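Q: Structure here, sequence nowhere to be found:
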């Protein structure tokens, strides 16, 4: 029996559709790991299909032997836990930040990927402007779904949070970006340790070196570097 619904003037079906759409984040794999052939068997790694310039789709890459690759939803969830628990007040450069806003930014920052997937600028000739347009259109689609549910306030909030992160227009957005980068190299270390493959994902560490802005994250990064060095010393020949 279908339960009855009382109260509310909005289109609840539109909310249902939005939540179904956002659920795609659980299934959208992070493209960087797919291109790096994380979790693939040795014979699969010899295949050139994961070349960053390949025309193969992400679905093709998933089908070529990836066992367990982080989803966008996985990434966003751990970022939000970081934002919720970081000791911001212990550091002068983050003591006055709005923690709740940072948490919201981490939850929203990649939400467009539920529609467009995890796009990488330069792959298949994708430009930064085209990526921004595709993701912006996806956010506007979600905003419209909230407006159909008479949730204009949350619709505007979703859109403004995404724009704030995208343009890095606040200190809170900059901290969220630090967490985005930190979570990426933390995941990279986890994959290297899982696969006994020290230095395999060095490019991810290189891409973030010198990019961290906040002391609370820099300290975490230093601990990560120390742990990675200790792990690498177990494999002196690799």
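A: Structure received. Worth saying up front: this structure is predicted, and the values here are computed from it rather than measured.

Q: can you list contacts of the helix or strand containing residue 224?
A: Per DSSP states H and E, residue 224 falls inside helix 215-232. With contacts defined as Cβ atoms under 8 Å, 6 or more residues apart in numbering, helix 215-232 is touched by 86-88, 90-94, 175, 178-179, 182, 185-186, 189, 192-193, 198-199, 205, 212, 238. In this view, the C-beta of every residue, glycine as well, is placed from N, C-alpha and C.

Q: Just the buried subset of these, please.
A: Buried members of the contacts of helix 215-232, counted by 16 or more other Cβ atoms under 10 Å: 86, 88, 91, 94, 175, 178-179, 182, 185-186, 189, 192, 198, 205, 212.

Q: what's the closest of those to residue 149?
A: residue 179 (29.7 Å; Cβ to Cβ).

Q: For that closest one, give me its contacts.
A: 79, 82-83, 86, 102, 106, 217.

Q: Return the subset of the buried ones among the contacts of helix 215-232 lying in helices.
A: Among the buried ones among the contacts of helix 215-232, the members found in helices (DSSP state H) are 175, 178-179, 182, 185-186, 189, 192, 205.

Q: Can you say which two of those residues are spatially most distant?
A: Among these, 175 and 192 lie farthest apart (Cβ to Cβ), at 25.9 Å.

Q: Nearest to residue 72, out of the buried ones among the contacts of helix 215-232: which one, please.
A: residue 179 (14.6 Å).

Q: where's that closest one relative to residue 133, distance?
A: Look at residue 179 and residue 133: by Cβ to Cβ, to the nearest Å, they are 26 Å apart.

Q: Pass me the low-pLDDT residue ranges in this structure, would you?
A: Residue ranges of the chain with pLDDT under 70: 1-10, 39-67, 238.

Q: ok, how many other residues are close to residue 124?
A: 12 (other Cβ atoms under 10 Å).

Q: Next: residue 159.
A: 17.

Q: Without its sequence neighbours, what residue ends up closest to it?
A: residue 143 (4.9 Å; Cβ to Cβ, 6 or more residues apart in numbering).

Q: What of residue 78?
A: residue 183 (5.6 Å).

Q: check contacts around the one you found.
A: 75, 78-79, 82.

Q: just checking, residue 120 touches residue 31?
A: Yes - between residue 120 and residue 31 a contact is recorded at 5.4 Å, counting by Cβ atoms under 8 Å.
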